[in-house]
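Participant: Got a predicted structure here, sequence first:
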Amino acid sequence: MSKKLFSAFAALLSIVAAYQTAGAGELHTVAGCDACCCDSGYGLDVDFELAFLSLHRSDGFSRDGIFELEAAPRVAVGYEICDDFGARVRYWEFNHFEAAGQGGNPSQVDTYNIDLELYRAICLDCGLTAEFAGGIRYNHYSDNNVADNNQTTRFNAYGGTLGIELSQAVTCNGNVYARGRWSLLMGDSVDDGNRDFDVLRDQYEVGIGYEQDICVMGINAVVRGGAEWQNWEGYSDNADGAIGFRGFVLGVQTQY
């Protein structure tokens, strides 16, 4: 599955290059597209999202053990130059306690991701933009089953991450977006005191939504709302199982 995703990402880049070579449309930066308000340019970029997500497992929960929607903040800070090439660091965390979690026992799930990546935004056609990103991700995951002798599952790993976001203008300053991210992580895992070395795990993320560009006192800002799904392979108590998250996201992005 990982090789197929990487191949698909490489194929998409090839299509973009062929599109430019064939002259079907000139590839240019977002700043080169017609804009209704505030031309984009270089500067500091700050993006804050508050996701409300519920935790899921491939082997399921009992009805009493279902995780409700919980707040999971995400913040990214980057610097972008005038041709829409930039670098950023992103932090996301989900840390919540459920009184009747795994096996009906109290459960504490604490996980976070730290990303460091480079990205480039291009305009495939006026109104249609694509952002490609790649970098490094660090993941920490801890699942403490309090009532079951404090059985704890921990995972700490580094790996590569690839992302793509497509945005299509539907009004003068409004866009619909679809984005995806895949991360391949390698590290050590501890399950109830038993340590496994060089464990391989995947994370997949998908999001769709709407965002509105606004201009306040010469500062670019974007407000957005959307839905998000995540699937993390190998994180469930079942060795081959998965956990996941689903919910909605509210966010605001500014550039200085």
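Facilitator: The structure has been received and is ready for your questions. Numbering: from 1, shown residues only.
Participant: list the contacts for Ala71?
Facilitator: Contacts for Ala71 (C-beta atoms under 8 Å, 6 or more residues apart in numbering) come out as 50-52. The way it works is simple: take the backbone N, C-alpha and C, and place the C-beta from them, glycine included.
Participant: let me fix that: Ala130
Facilitator: Counting by C-beta under 8 Å, 6+ apart, the residues that Ala130 touches are 16, 121-122, 124, 164-167.
Participant: closest to Phe248 among the residues you listed?
Facilitator: Phe248 lies nearest to Glu165 out of these, by C-beta to C-beta, at 17.3 Å.
Participant: what's the helix or strand for that closest one?
Facilitator: strand 151-169 (DSSP states H and E).
Participant: Show the buried residues in the contacts of Ala130.
Facilitator: The neighbour count (16 or more other C-beta atoms under 10 Å) marks 121-122, 124, 164-167 as buried among the contacts of Ala130.
Participant: Show me the strands in this structure, by range?
Facilitator: 43-57, 70-80, 85-98, 107-125, 128-145, 151-169, 174-191, 194-216, 219-233, 242-255 (DSSP state E).
Participant: Can I get these in CSV including mean pLDDT?
Facilitator: Formatted as CSV, the strands of the chain follow (pLDDT from 0 to 100):
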stretch, mean pLDDT
strand 43-57, 92
strand 70-80, 95
strand 85-98, 92
strand 107-125, 92
strand 128-145, 93
strand 151-169, 93
strand 174-191, 95
strand 194-216, 92
strand 219-233, 94
strand 242-255, 93
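Participant: was I right about Asp115 contacting Val89?
Facilitator: Yes: using C-beta atoms under 8 Å, Asp115 makes contact with Val89 at a distance of 6.8 Å.
Participant: list residues touching both of the two?
Facilitator: Ala76.
Participant: ok, now how distant is Asp198 from Asp115?
Facilitator: 22 Å (C-beta to C-beta, to the nearest Å).
Participant: and Asp115 and Val89? which has more neighbours close in?
Facilitator: Asp115 (21 against 13; other C-beta atoms under 10 Å).
Participant: what residues are up against the closest residue to the more buried one other than its chain neighbours?
Facilitator: The shortest distance from Asp115 to any non-neighbouring residue, by C-beta to C-beta, 6 or more residues apart in numbering, is to Arg90 (4.2 Å). By C-beta under 8 Å, 6+ apart, the contact set of Arg90 is 74-76, 113-115, 117.
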